[in-house]
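S.K.: When you get a sec, could you give me coordinates for this:
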Amino acid sequence: MNRRRNDIRELATRIVALQAKAGALGLFTNDRELIECQKCGLLEDVIVTGQLITCRSSAFGRDTRLRFEELSQNRFRCSACGSIIHQG
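M.R.: Numbering: from 1, shown residues only. This is a model prediction of the structure:
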C-alpha cells in the first residue's frame, strides 16, 4: 500500500511539472475555463497544436496576439478594452 501511494505521489509530481512546462510553452493545460470579454468580444481559443490564442468571433482562429492579463485567481484584465473579467 505504501508503495502504491509513493507511485501516485511521484506521478502527481511529474504531472504538475509537465503542466508547468506546457504552460511556459504557451500550451493550454485545461486548468481553467477559456475567457471571453463580454464588453469587446475578445475571446480565447485553443488551436490544434494546443496553443492558447485570442481572437474575435468574426475572425475565429486568427490570433490577435493579445492576451488576458491574470490579476489574481479567477480575475483577468482584457488587453483589448481593459475590462475586468471574473471567472467562475
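S.K.: show me what contacts the residue most central in space within the chain?
M.R.: Per Cα atoms, centre = their mean, the C-alpha nearest to the average position across the chain is that of Phe28, at 4.8 Å. Residues near Phe28 by Cβ atoms under 8 Å, 6 or more residues apart in numbering: Leu34, Val46, Gly50, Gln51, Leu52. Where C-beta positions appear, they are placed from N, C-alpha and C, glycine not excepted.
S.K.: Distance of it relative to Gly61?
M.R.: 14 Å (Cβ to Cβ, to the nearest Å).
S.K.: wait, what's in contact with Arg75?
M.R.: By Cβ under 8 Å, 6+ apart, the neighbours of Arg75 are Ile84, Ile85, His86, Gln87.
S.K.: Of these, which is the nearest to Arg5?
M.R.: Gln87 (33.1 Å; Cβ to Cβ).
S.K.: Chain neighbours aside, what residue packs nearest to the closest one?
M.R.: Asn74 (4.5 Å; Cβ to Cβ, 6 or more residues apart in numbering).
S.K.: now swap in Arg65 and tell me
M.R.: Looking at Arg65 with Cβ to Cβ, 6+ apart, the closest residue is Thr54, at 7.6 Å.
S.K.: Would you mind checking the contacts of Phe28 for buried ones?
M.R.: Buried subset of the contacts of Phe28 (neighbour count, 16 or more other Cβ atoms under 10 Å): Leu52.
S.K.: SS state for Ile85?
M.R.: strand (DSSP: H, G, I helix; E, B strand; the rest coil).
S.K.: For Ala20, see how far away it is.
M.R.: 24 Å.
S.K.: Looking at these two, which is more packed in?
M.R.: Ile85 (18 against 11; other Cβ atoms under 10 Å).
S.K.: what's across from that one in the sheet?
M.R.: In this entry, Ile85 is beta-bridged to Phe76, by DSSP bridges.
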